[in-house]
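In: take a look and give me a structure for this.
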Amino acid sequence: TPTLATTSGLPAPFDHWAELLQPFLGAVRDSRASGDFACRAQFQRTDPLWLPIRCHSASTCLREVQSLKQNLLAAMAARRDSGHPLLPQDIAIMAPDIRLYRPWLEASFPSLDEAGRPRNDHLNLNLVDLEFGTGSAIATAVDQILGLADGHLERRIVFGLLENPAIRRAIGLSEAELGTIQDWAERYRVRWGLNSRHRQELETGSADSNTWDRAFHRLLEDIAHGRSLAGAPELSALGRVADFLHRVTTTLETWSRGQRRLSQWVRELQDFLSSLLDPEEPGEQTTLEQVLGAAGNLLQAAAAFGDDDQLDWIAFRLLFKDQLAHLSTARGQHQIDGITCSSLRPYRAVPFRLIAVLGMNEGEMPRPDQYVSFDLARAAGRSQGFISNQLQDNYAWLETLCSAREELWVWFLGRDAASDETLAPSPLLGETLAVLAGRNPDTPPIVVQEPTLDFDPAYFRADASTIGLVHTDPDKLAAARVPGGSAA
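Out: You can find the predicted model right below:
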């Protein structure tokens, strides 16, 4: 029989653990369950929960991640000399939607210090459940270029494209030159449209006022008449931007008018993207190769089903985007490299020694069910096939409790950062803490109140590290202390 470790060091049979969690299982199975744990008496007839759960109440998402990092470093340091050290592969970081925490995680777990040297405390993160190319300049550029086919070349869209590092390098445009061109576009009142013909094709009129070409011509007229051009961009940089816009719009316009065989579409798209993108880092080069390979995969389909049919641009673009959606990256598997960071999803009971859950906030976990007014099956009481978000999240939380082998840490936003108003945690977390407190009144679950300020007196308490209150910057904490350990 599979066993789980207990706080006393004695094994707990798995069937005993299943009996302990029977109320959770019942709530998941019964779609009419109210979630108020009507079977609470059954909890009180069993032995105490073996899993140590520690909760942290923070005021911002950044504070959650900063506290998580320092607690992980402290836990790994405390077990480094033991016979069973805590390794990054033994740790999982979860959230209802890990994509929302990606910027905070990447900012709080940098690989280099301010001087560009490798950090001694760096923890490698393995981000799972991210869409292909998340955070990649190459993937973003491909999506932006494909989106121009349906756009009007608005000034905001164009400069969003030019600000992409992969495209800016291919054009040979510096950040200073880009800033000057932005000021020029504002001065000459560029709004949208390449020229009058482009606007006419979009069926939005034929006037060329406030178009890109009109602004280029006005600048050349000012130069010809010797007018003051203080702050004007370098003509060479402006010429490269104009050439880029004309090349992209002309290509997309040509594609939208004609039909081609699938193999011809693939070759033209690969050549087009290769000429517009300049990968700098090895990771970007890999992403570009994956994008071009996704288009190449369509050649296999052409070989298998024939390449005689003519496709228009819209059909080919849908096929290509479908190939991009199915791309997989190395950062998409559990327990392969570093700390696994993933979203809370059901039917994914991967065991880890330590699991940290972020964002267990009220209204976010479990997710509310959304219905549509024209759902006739639900209106008639036939909703057996409806997939409930709440039931799925309940089951995901149950699997998280079962997957944590030694410890479970949970963070939630317990205070509003602006008004300092107290906020409630997720009902799943609140009910779990209530059950634990009722079963173990002498040792209730620890809920650590993360201070909002770095110099909060709570960090100087003697038992701060014991209850899991670790300063987000230990160097600043050490500098704030005076000999003898008292607060400065």
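In: center of this structure - which residue?
Out: For the chain, the residue nearest the mean C-alpha position is residue 99 (1.9 Å; C-alpha atoms, centre = their mean).
In: how close does that one sit to residue 130?
Out: Noted for residue 99: a distance of 6 Å to residue 130, by C-beta to C-beta, to the nearest Å. C-beta: built from backbone N, CA, C; applies to glycine.
In: before we move on, what about residue 277?
Out: Applying C-beta to C-beta to residue 277 and residue 130 gives a distance of 20 Å.
In: try residue 320
Out: Distance from residue 320 to residue 130, counting by C-beta to C-beta: 20 Å.
In: who has more neighbours out of the two?
Out: residue 320 (20 against 17; other C-beta atoms under 10 Å).
In: residue 292 is in contact with that one, correct?
Out: No. Counting by C-beta atoms under 8 Å, residue 320 does not reach residue 292; the two are 10.8 Å apart.
In: correct me if wrong: residue 354 contacts residue 90.
Out: Yes. Residue 354 is within contact range of residue 90, at 6.3 Å (criterion: C-beta under 8 Å).
In: show me what contacts residue 141?
Out: 161, 164, 166, 167, 276, 277 (C-beta atoms under 8 Å, 6 or more residues apart in numbering).
In: can you report how many residues neighbour the closest residue to the last one other than its chain neighbours?
Out: By the measure of C-beta to C-beta, 6 or more residues apart in numbering, the closest residue to residue 277 outside its immediate chain neighbours is residue 166, 4.8 Å from it. Summarising burial for residue 166: neighbours were counted as other C-beta under 10 Å, giving 21.
In: also the one 3 residues further on?
Out: Neighbouring residues of residue 169 were enumerated by other C-beta under 10 Å; the total is 16.
In: shaky segments in the stretch 1-150 of the chain?
Out: Along the stretch 1-150 of the chain, segments meeting pLDDT under 70 span 1-51, 112-118, 121, 131-135.
In: quick one, strands of it?
Out: For the stretch 1-150 of the chain, strands defined by DSSP state E, counting those that start in this stretch occupy the ranges 3-4, 12-13, 53-58, 91-95, 125-127.
In: equivalent analysis for the stretch 151-300 of the chain, please.
Out: Along the stretch 151-300 of the chain, counting by DSSP E, counting those that start in this stretch, strands occupy 259-261.
In: where does pLDDT dip in it?
Out: Applying pLDDT under 70 to the stretch 151-300 of the chain flags the ranges 202-206, 226-233.
In: could you pull out the helices in it for me?
Out: 155-162, 165-171, 175-187, 196-201, 212-224, 235-257, 262-276, 282-305 (DSSP state H, counting those that start in this stretch).
In: pick the most buried one from these.
Out: For the helices of the stretch 151-300 of the chain, the largest average neighbour count (mean count of other C-beta atoms under 10 Å) is found in helix 165-171, namely a mean of 19.
In: and it, what other elements does it pack with?
Out: helix 137-147, helix 155-162, helix 235-257, helix 262-276 (3 or more C-beta pairs under 8 Å, 6 or more residues apart in numbering; DSSP states H and E).
In: try it again with 10 Å
Out: helix 137-147, helix 155-162, helix 175-187, helix 235-257, helix 262-276, helix 282-305 (3 or more C-beta pairs under 10 Å, 6 or more residues apart in numbering; DSSP states H and E).
In: mind checking how far the first one is from the chain centre?
Out: In terms of C-alpha atoms, centre = their mean, to the nearest Å, the gap separating the centre of helix 137-147 from the centre of its chain is 17 Å.
In: angle of that helix against helix 262-276?
Out: 120 degrees (axes from the mean of the first three to the mean of the last three C-alpha atoms, to 10 degrees).
In: in helix 137-147, what counts as buried?
Out: Of the residues in helix 137-147, those buried by neighbour count under the rule 16 or more other C-beta atoms under 10 Å are 137, 138, 139, 140, 141, 142, 144, 145, 146.
In: that one to helix 235-257, inter-axis angle?
Out: Using the same axes, to 10 degrees: helix 137-147 against helix 235-257 is 60 degrees.
In: C-alpha coordinates for helix 137-147, PDB please?
Out: Provided in PDB are the C-alpha atoms of helix 137-147 (Å, rounded to 0.1, in the frame of the first residue of the first chain):
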ATOM      1  CA  ALA A 137      10.600  38.800 -29.300                       C
ATOM      2  CA  ILE A 138      10.600  36.500 -32.400                       C
ATOM      3  CA  ALA A 139       7.200  34.900 -31.600                       C
ATOM      4  CA  THR A 140       5.700  38.300 -30.800                       C
ATOM      5  CA  ALA A 141       7.000  39.800 -34.100                       C
ATOM      6  CA  VAL A 142       5.500  36.900 -36.100                       C
ATOM      7  CA  ASP A 143       2.100  37.500 -34.600                       C
ATOM      8  CA  GLN A 144       2.400  41.300 -35.100                       C
ATOM      9  CA  ILE A 145       3.400  40.900 -38.800                       C
ATOM     10  CA  LEU A 146       0.600  38.500 -39.500                       C
ATOM     11  CA  GLY A 147      -1.800  40.900 -37.800                       C
END
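In: give the pairing partners of whichever strand or helix holds residue 354; include direction for each.
Out: Using DSSP states H and E, residue 354 sits within strand 352-357. In the sheet, strand 352-357 lines up against strand 91-95 (parallel), strand 404-413 (parallel) (DSSP bridges).
In: pick the most buried one from these.
Out: It is strand 91-95: most buried of these by mean count of other C-beta under 10 Å, with a mean of 26.
In: give me every residue that touches the closest residue to residue 251 other than its chain neighbours.
Out: Of all residues not flanking residue 251 in the chain, residue 272 sits nearest, at 6.0 Å (C-beta to C-beta, 6+ apart). The contact partners of residue 272, taken as C-beta atoms under 10 Å, 6 or more residues apart in numbering, are 145, 247, 248, 251, 252, 255.
In: residue 393 versus the fourth one, what's the distance?
Out: To tie it back to what came earlier, the one meant is residue 251. Distance, residue 251 to residue 393, by C-beta to C-beta: 46 Å.
In: then the first one?
Out: Relative to residue 393, residue 145 is positioned 37 Å away (criterion: C-beta to C-beta).
In: then the second one?
Out: If you measure residue 247 against residue 393 using C-beta to C-beta, the figure is 48 Å.
In: what sits against residue 147?
Out: Per C-beta under 10 Å, 6+ apart, neighbours of residue 147: 157, 160, 161.
In: wait, the first one touches residue 191, no?
Out: In this case it means residue 157. No. The pair residue 157 / residue 191 is not scored as a contact, 11.4 Å apart, by C-beta atoms under 10 Å.
In: helices of the stretch 351-488 of the chain, start to end?
Out: 376-379, 389-403, 427-439, 474-480.
In: for residue 349, which of those is the nearest?
Out: Among the helices of the stretch 351-488 of the chain, the nearest to residue 349 by C-beta to C-beta is helix 389-403 (4.3 Å).
In: now for that closest one, which elements pack on it?
Out: If contacts are counted by 3+ C-beta pairs under 10 Å, 6+ apart, helix 389-403 sits against helix 14-20, helix 22-29, strand 91-95, strand 352-357, strand 404-413, helix 427-439.
In: ok now stretch 166-176, how far from the chain's centre?
Out: 26 Å.
In: kindly report the same for stretch 211-220.
Out: 40 Å.
In: using PDB, write down the CA coordinates of it.
Out: C-alpha atoms of stretch 211-220 as PDB (Å, rounded to 0.1, in the frame of the first residue of the first chain):
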ATOM      1  CA  THR A 211      -1.100  58.700 -44.100                       C
ATOM      2  CA  TRP A 212       2.500  57.500 -43.800                       C
ATOM      3  CA  ASP A 213       3.400  58.400 -47.400                       C
ATOM      4  CA  ARG A 214       1.900  61.900 -47.000                       C
ATOM      5  CA  ALA A 215       4.100  62.500 -44.000                       C
ATOM      6  CA  PHE A 216       7.200  61.300 -45.900                       C
ATOM      7  CA  HIS A 217       6.400  63.700 -48.800                       C
ATOM      8  CA  ARG A 218       5.800  66.600 -46.400                       C
ATOM      9  CA  LEU A 219       9.300  66.000 -44.900                       C
ATOM     10  CA  LEU A 220      10.900  65.900 -48.300                       C
END
